[in-house]
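Engineer: turn this into a structure:
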Amino acid sequence: MTATLQITSGRTPDGTRQLTVIGEIDLSNADELTRALADAVSPDHPLLVDLTRVDYLDSAALAALFAQADRIDIHISPLNEALLTLSGLAELTRVRVIAHPAQGPTPLPPATSASTSSADESAGAR
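Structural biologist: Residues are numbered from 1 along each chain as shown. Okay, the predicted model is just below:
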């Protein structure tokens with residue numbers, strides 16, 4: 001089974017090249033990350049790799065990141081911070097931990113007065 005992965009390229013507001021990665025990175029799709037990194041890196045300018053919305057990284061993902069460690073900066077969520085630290089990757093490149101606010105369920109719209117009144121009248125009629 002292939003893990004879900006989305007990679008987009010762009011630039012930060014200050015013009016830095018950026019890859020944004022969303023989903024899970026494992027052996028089934030790490031080649032996609034490896035190719036995206038190879039296409040986006042430049043010897044003259046660092047590449048920001050935004051992994052803040054990555055839910056899972058395995059050793060294949062780490063290998064792709066290690067291969068470009070001298071040319072990338074990484075933004076990571078607190079969920080994966082320990083993995084980058086324990087693997088030693090945080091010693092080879094700049095890693096910044098970015099916490100995103102939790103996204104809860106979308107709240108339901110408030111009930112209208114008319115529907116509330118109808119429900120109250122139905123309950124009272126019984």
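
Engineer: every contact and neighbour count from this point should use C-alpha atoms.
Structural biologist: Will do.

Engineer: the helix or strand hosting V21 pairs with which strands?
Structural biologist: Following DSSP states H and E, one finds V21 within strand 17-25. Sheet partners assigned to strand 17-25 using DSSP bridges are listed as strand 5-11 (antiparallel), strand 47-57 (parallel).

Engineer: pull out the buried residues from it.
Structural biologist: Of the residues in strand 17-25, R17, Q18, L19, T20, V21, I22, G23, E24, I25 count as buried by neighbour count, 16 or more other CA atoms under 10 Å.

Engineer: need the residue closest to the centroid of this protein.
Structural biologist: R53 (1.5 Å; CA atoms, centre = their mean).

Engineer: any idea which of the strands paired with strand 17-25 is most buried?
Structural biologist: A comparison of the strands paired with strand 17-25 by mean neighbour count, using mean count of other CA atoms under 10 Å, puts strand 47-57 on top with a mean of 20.

Engineer: ok, then the element right after it?
Structural biologist: According to DSSP H and E, the helix or strand after strand 47-57 is helix 59-67.
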